[in-house]
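# Quick one, fold the following:
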Amino acid sequence: MSQCLAAAAVALWVCIPARPQSSEIQILKGEIHAELPLLLSHQYRIELSDLRTHDHAATAWVQSDGSFEFRNVAVGDYRLDILNQNGDSLHEKYIAVNSMSGPISLYLPKQQTAIPPGGPISVTQLKHPPSKKAFQAFAAAQRSSEAGDYSKAAGQLEKAIQESPEYAEAYTNLAVQHIRMRQYEQAVTELRRAMEISGATAIALCNLAVAQSGLGLYSDALASARAARHLDPAFAPAEHVVQQLEAAGVRTRP
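A predicted model of the protein is given here:
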């Protein structure tokens, strides 16, 4: 989750529909090729936006083998964005989709990084990368969470952990779902387990502060939030939680 994104090439190709005169491309496929095994420790999605209307046209989730695909894409001009799990755009390119489209290659400069708050990936994570099934369950949980179904997302993340017990990001995201459902004790346990695997990260510490606050442990919550801010001063949520707790005097519920 905190590993730098090395130079990567993204190759896309278009599968032409049976009837070339159609106004839609039935399948638009692609694949990301990276120098480092990033796809097992990150969650990427590819988004298309219509250049004419600026509307969001389609989203494709990148699988653990680097593949992704769009279906039923209307012929037209688009902006393609590669986004990480935090919604940060890693690269964008303007493409034309039509029956004559050939392979499209995108290259991410080496200096472009996807560094979420936290630091380097741990030895434990390197030795125990999540399996393909675990990653797929993690991606499904993300979609359920975005749809507001936190209970379903939690169940999918539990499947991811069952498949890959050292999947730190799954523990962190499972804790987030439990926080949303006000199940703070479970969240604290999961966040501590995540940090046992990956080491302390600003995201985990900040979420821990929220869970501790929910349990009424305001002094502990402030300490966790300050630790998150110290670990990554640029991580805005940590500063926000610190300010909330300090404003509350650490004695009353924020």
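# Now do Tyr150 against Tyr78, distance only.
Note on Tyr150: its distance to Tyr78, by Cβ to Cβ, to the nearest Å, is 32 Å. For glycine as for every other residue, the C-beta is placed from the backbone atoms N, C-alpha and C.
# Neighbour count: those two, which is higher?
Tyr78 (22 against 18; other Cβ atoms under 10 Å).
# Residue for residue, what is the longest strand this structure has?
strand 24-34 (DSSP state E).
# who does that one touch, helix- and strand-wise?
Contacts defined by 3 or more Cβ pairs under 8 Å, 6 or more residues apart in numbering; DSSP states H and E place strand 24-34 against strand 8-15, strand 67-74.
# again, only this time at 10 Å
Applying 3 or more Cβ pairs under 10 Å, 6 or more residues apart in numbering; DSSP states H and E, we find strand 24-34 packed against strand 8-15, strand 45-50, strand 56-61, strand 67-74, strand 76-83, strand 89-97, strand 104-108.
# Sheet partners, orientation included, of that strand?
Paired neighbours of strand 24-34 in the sheet (DSSP bridges): strand 8-15 (antiparallel), strand 67-74 (antiparallel).
# Surely Glu146 and Asn173 touch.
No: when contacts are counted by Cβ atoms under 10 Å, Glu146 is not listed as touching Asn173 (11.8 Å).
# Those two: which has the busier surroundings?
Between Glu146 and Asn173, Asn173 has the larger neighbour count (other Cβ under 10 Å), namely 26 against 9.
# May I have the secondary structure class of the more buried one?
Taken by DSSP: H, G, I helix; E, B strand; the rest coil, the conformation at Asn173 corresponds to helix.
# in the stretch 151-254 of the chain, which spans are helices?
168-180, 184-198, 202-214, 218-231, 236-247 (DSSP state H, counting those that start in this stretch).
# Tell me the pLDDT of Ser41.
If you check Ser41, the pLDDT there is 41.
# quick one on the thing from earlier: can you list residues touching both of Glu146 and Asn173?
Ala153 (Cβ atoms under 10 Å, 6 or more residues apart in numbering).
# ok so, going back, which of the strands paired with strand 24-34 has the lowest average pLDDT?
For the strands paired with strand 24-34, mean pLDDT drops lowest on strand 8-15, to a mean of 42.
# any low-confidence regions in the chain?
1-22, 33-43, 64-66, 85-86, 101-129, 249-254 (pLDDT under 70).
# what comes up buried for the strand or helix carrying Gln136?
Taking DSSP states H and E as the definition, Gln136 sits inside helix 132-146. Across helix 132-146, burial judged by 16 or more other Cβ atoms under 10 Å covers 134-142, 144-145.
# now swap in stretch 219-228 and tell me
220-228.
# ok, those vs Ala60, which is closest?
Ala228 (32.3 Å; Cβ to Cβ).
# if I look at that closest one, how far off is Thr189?
18 Å.
# And Ala153, by the same measure?
For Ala153, the distance to Thr189 - Cβ to Cβ - is 17 Å.
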